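**Q** just the structure for this:
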Amino acid sequence: MSDETSLFGTALVTNTGELAKDTNWWGAFVIGLSGTILVIGLVGFAVQALGGFSIPLFVVITAMGVLLCFCLAELAAAMPDRTGGLPSYAFETFKPLGPKAAIHLGGLSTWGYWLGWFTVAPINSIIAASYIRILFSLPAGRTFDPFGATFGLPLSSTDFIVGLSILVVMFVPCFFGVRLGARFATILGVASVIPLLILVFIPFVKPSKLDFGRLAGFGFPDGVHGSFKLIIAWVFIFTWSVLAMEAAACYIGECRDPARDAKIAMTAEGLFGFFIYVTVPLMVIAVLGTGAALVGIDAKTVFDQYIQTLFGTNAFWKWFVGLAIVIALLLSVLNALMGCARGLYQNSHDGILPRWFGHTNRHRTPGNAMYFNLACSIMLLLSGTPLEIYIFSNMGYLFAMALSLIGYWVYSVKRPDANRPVRMPKWMTPVALVIGVFFVFCWLYGGFYSADFVLGDKSKRYLFWLGLGVLAVYFPLYAWRKADDRRRGTTAYATNPATA
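**A** Sure, this is the predicted structure:
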C-alpha cells in the first residue's frame, strides 16, 4: 500500500509491512466458515433454555447477520486496501462525523472486535480438548482451578495440555500466511461442514424418528415463562454466534481482486450461514424435543444423543460425530488467531493503536498481533469455562457489530457519491441503522441481565462490567500511541519495520 492521507489532511498511514494479497473469495469464505460453525456450541444451550421459541429467534437474529454480510460486501469492495474486516471499516465510515469520532469509534470497534473474537480460540480449545480426552479415553490427570470460585471452572491437566497444543498447532498456519491458512481452512472446513450437512439431512432416512409437531407454536419449554428480559438476555448471547459469518470480511483486503471477491464471499457466507443456523436447531428439536428432553447441552452430548435416537448406539457414529465436532472447533480456533489480528494491524497503520501491532513478519502476516492473540488465549484457557467467557467477550463483539451497522448508515448518507463497485439496495441503509441501534440496546440491557438467565446466577453480573473494563483498555492503548507519535514527531507508521 502507498501512503494514505486522511480526510482531515494528516498522513495517518505509511504502510511498510503490507499484507500479502495471496487469496481469493474462496479463501475468505472457507476461513469465514468458522463463524457459521459456531452453531454447534450454541444449539444445545438455546434449545434446552428456549425450546421451540429458539427457532424464530435464530431466524430473526441470523437474518440480521445476513444483512450485515451484505453491507460489509459493499464496504469491503469500496475499501479494497483495508484489512481486518468489519472493525477496520469503522475508521472510514465515521469520518464524515469528524476526526475524533472516526479515530475513537474506529479504535473502540477494533478493540471490541478483538475482545469478541480472540476468546473463541481458548473457548473452542477447551471444548475440543475435553472431547479428544473422552474420544481417546485419556486420563483426566490432576484438576486445578487458578481463578477459584470467582471466575471459571476447574480444569484438568490433560485438557489444559491438549488445549494448549491445539492453540500452538493452529498458530503455525496463521504465522506462515493467509495462503497456507486458507488451505488449512479448506481442509478443516470441508471436513466439518460436510458432516454438519449430513446431520441436517440424515433424519429423513428415518422419518419415523422425526416429529415436527414438537415445533408447534414455537413455544417455551415447560416451566419456562417467557419475558422481555429473558428474550433480550438470550438475544445478547445469540449475537455472539449467529453474527459471526461476518468473519469472512477479515480477509477481503488480502484477496487479489477485492471488489469482485467481496461480493461473492460475503453473499455466500451470509446465505450458507442462514441455512445452517436455522436448520440445525430445527432438526435437533424435531428429533430430540426441547427442554428436559435433552440429556445434555454441550455439542458432543447433544449430537451423540441425536444420532443414537436415529440409529442407536454405534461406534462409527460416535467417532463420526466426535471427530467432526473437533475439526469444526479447530477451524474456529484458526480464524480466531488470524482474523482479529488483522484489525489490530490495520488500526496500528491508521495511527490509532500502538505501532507494535502493525509489524509484519517475513511471510507478510501481522506477526506481533497474532502472538498477542496466542498469549491472551493461553491465559484465558486456564479459566476452563465457555459460558462465562461468552458474556464478557460479547461486551466487545456486539458493540463492534452495532457500530459497523450505524457506520454503514453514516457512510451511505453522508457520502452517497463515493465510489462503490458493489451497491446494496437503498432500503438496506435505514434498516442497518435500526438494527445497529437495536444491538446497542441489547448490548447494554441484555448484557447486564445475561448472567441471570444464561448462568442462572445474578452474582455473575460482574462479567458485564468486566467486559466494559476490557473494552475501556482501548484508551490507554491510544494514549500510548499518541505518546509514541509525539516522541517520534510523526503520526505516520514507522518507515523501518524493525523499529515498529
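
**Q** helices and strands of the protein: which one bottoms out on pLDDT?
**A** strand 11-13 (a mean of 33; mean pLDDT, DSSP states H and E).

**Q** let me know the next secondary structure element after that strand.
**A** Sequence order places helix 25-36 as the next helix or strand after strand 11-13, per DSSP states H and E.

**Q** in PDB, list the C-alpha atoms belonging to that following helix.
**A** Provided in PDB are the C-alpha atoms of helix 25-36 (Å, rounded to 0.1, in the frame of the first residue of the first chain):
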ATOM      1  CA  TRP A  25     -13.100 -15.300  -2.400                       C
ATOM      2  CA  TRP A  26     -12.800 -19.000  -1.600                       C
ATOM      3  CA  GLY A  27     -10.100 -18.400   0.900                       C
ATOM      4  CA  ALA A  28     -12.100 -15.700   2.700                       C
ATOM      5  CA  PHE A  29     -15.200 -17.900   2.500                       C
ATOM      6  CA  VAL A  30     -13.700 -21.100   4.000                       C
ATOM      7  CA  ILE A  31     -11.900 -19.300   6.800                       C
ATOM      8  CA  GLY A  32     -15.200 -17.400   7.500                       C
ATOM      9  CA  LEU A  33     -17.000 -20.800   7.900                       C
ATOM     10  CA  SER A  34     -15.500 -20.700  11.400                       C
ATOM     11  CA  GLY A  35     -18.300 -18.300  12.200                       C
ATOM     12  CA  THR A  36     -21.000 -20.400  10.800                       C
END
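
**Q** pLDDT (mean, whole number) over the next helix or strand after that helix?
**A** Once helix 25-36 ends, the next helix or strand along the chain (criterion: DSSP H and E) is helix 39-50. The average pLDDT within helix 39-50 is 89.

**Q** got a list of what T239 touches?
**A** T239 makes contact with I61, N394, Y397, L398, M401, F439, C442, according to C-beta atoms under 8 Å, 6 or more residues apart in numbering. Quick note: C-beta positions are derived from backbone N, CA and C, even for glycine.

**Q** from those residues, which is closest to F212?
**A** Nearest to F212 among those, counting by C-beta to C-beta, is I61 at 21.7 Å.

**Q** hmm, W234 and the closest one touching each other?
**A** No. Using C-beta atoms under 8 Å, I61 is not in contact with W234; the gap is 9.5 Å.

**Q** so for these two, which sits in the more crowded spot?
**A** More crowded of I61 and W234, by other C-beta atoms under 10 Å: W234, with 24 against 20.

**Q** thought the more buried one was touching P56?
**A** No. Using C-beta under 8 Å, W234 is not in contact with P56, being 11.9 Å away.

**Q** just checking the distance from stretch 276-294 to the centre of its chain.
**A** How far stretch 276-294 lies from its chain's middle: 23 Å, per C-alpha atoms, centre = their mean, to the nearest Å.

**Q** so what's T119 scoring on pLDDT?
**A** If you check T119, the pLDDT there is 92.

**Q** how about R179?
**A** The model reports R179 with a pLDDT of 72.

**Q** N24 is in contact with that one, correct?
**A** No. The pair R179 and N24 fails to qualify as a contact (C-beta under 8 Å) at a distance of 10.1 Å.

**Q** thinking again about what came up before, ChimeraX command for the buried members of the contacts of T239?
**A** To isolate the buried members of these in ChimeraX, using 16 or more other C-beta atoms under 10 Å:
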select :61,394,397,398,401,439,442
